[in-house]
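1. let's see this in three dimensions:
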Amino acid sequence: MRWMRYRTDGTGNPAHYGIVDGDRVQRVSGDPFTGYTMQDTWHAIADVTIDVPVIPRTFYCAGLNYAAHAVEAARKRGVEPNLPKQADIGYRANNALIAHGEDVVIPPDAQKMQYEGELVVVIGKQAKHLTPDTALDCVLGYTIGNDVSERVWQRSDRTLWRAKNTDTFKPMGPWIDTDFDPTHATTTVSVNGQVSTTFATNDMLFGVTTFLCAMSQYLTLWPGDVIWMGTDGSSPDLQAGDVVDVTISGLGTLTNRFVQGE
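-> Presented below is the predicted three-dimensional model:
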């Protein structure tokens, strides 16, 4: 099942949840977290405005979680790679979230903009003290994220408050897929239609189960929380006018254009 959050008149009215069926979406009353009933209202997806699939209570992100990305990051800093020894979690800001099809705005003083295509875990129910056998029971499904980063700022901002959390820097969507299995999926990122990065989605240093178990020993996970699972490879520098597609096979494609801000 694919859950889409959408609007029928741009930004004028509140967003609704619906269930995707091919190129249409059927509206529901309620949501996938607290319960819902189907309505006899259908829309063509091409006729609606897709919204961020969930506004998370807490926005988590994995630290370096793919070997090639960790090695590339170390090389750029001129140091020897030091792969993480355990699952390491951080946080991002909801203000940075935008939907599939919305523009990433490049700040006037930005110098080095790059993408990071990521698998996103969406929590469906409250959980604490998870075990490897029960961890995935709290997962509603998966969506796609683009962890846009300004690399010059990333080297100077101790908390990454600008480098990772500037408005529009976190595209997410287009939907939540409750049946998706990342085991054999491939993540492909294209810029202006040309493939730039490809990697096995599940080739993580620490998988979803490991993160959920580690986090839930200390943190209560709540419905609607999201965990961005990191990225592999490296990105070219992006310019105004570039269109970035993040595709995860079997899950979908997240598309956003980069535009120059004033």
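2. can you give me the buried ones in the helix or strand residue 152 falls within?
-> Using DSSP states H and E, residue 152 maps to helix 151-156. By neighbour count, with 16 or more other CB atoms under 10 Å as the criterion, the buried positions of helix 151-156 are 151, 153. In this view, the C-beta of every residue, glycine as well, is placed from N, C-alpha and C.
3. so what touches it?
-> Identification of contacts with helix 151-156 by CB atoms under 8 Å, 6 or more residues apart in numbering yields 110, 111, 112, 113, 114, 160, 162, 163, 164.
4. among these, which ones are buried?
-> Taking 16+ other CB under 10 Å as the criterion, what is buried in the contacts of helix 151-156 is 110, 113, 114, 160, 162, 163, 164.
5. and of those, the nearest to residue 136?
-> When these are compared for distance to residue 136 (CB to CB), residue 164 wins out at 27.1 Å.
6. the closest one against residue 91, yeah?
-> No. Residue 164 sits out of contact with residue 91 when judged by CB atoms under 8 Å, with a separation of 9.5 Å.
7. what's the neighbour count on residue 7?
-> As a burial measure, residue 7 scores 16 neighbours (other CB atoms under 10 Å).
8. check residue 6 too.
-> Burial measure for residue 6: 22 neighbouring residues, criterion other CB under 10 Å.
9. excluding chain neighbours, what is closest to it?
-> Excluding its sequence neighbours, the residue lying closest to residue 6 (CB to CB, 6 or more residues apart in numbering) is residue 48, at 4.3 Å.
10. can you give me the pLDDT of the one you found?
-> Reported pLDDT at residue 48 in the predicted model: 95.
11. now residue 197
-> The predicted local distance difference test score for residue 197 is 97.
12. do the one 3 residues further on as well
-> On pLDDT, residue 200 comes in at 97.
13. what's the burial count for the nearest residue in space to it that is not next to it in sequence?
-> Setting aside the residues directly before and after it, residue 200 is nearest to residue 186 in space (CB to CB, 6+ apart), at 6.1 Å. Residue 186 is flanked by 15 other residues according to other CB under 10 Å.
14. who does the residue nearest to the spatial centre of the chain form a beta bridge with?
-> Per CA atoms, centre = their mean, the C-alpha nearest to the average position across the chain is that of residue 145, at 2.2 Å. Each beta-bridge partner of residue 145 is listed here: residue 118, residue 172, as defined by DSSP bridges.
15. how near is it to residue 173?
-> Going from residue 145 to residue 173 by CB to CB, to the nearest Å gives 9 Å.
16. how is the protein carved up into domains?
-> The chain is divided into the following domains under automatic domain parsing: 1-50, 52-260.
17. what's the end-to-end length of the shortest one?
-> Distance between the boundary residues of domain 1-50 (CA to CA, to the nearest Å) amounts to 17 Å.
18. please apply the same query to stretch 103-113.
-> Distance between the boundary residues of stretch 103-113 (CA to CA) amounts to 14 Å.
19. so which helix or strand takes in residue 19?
-> When secondary structure is defined by DSSP H and E, residue 19 falls within strand 16-21.
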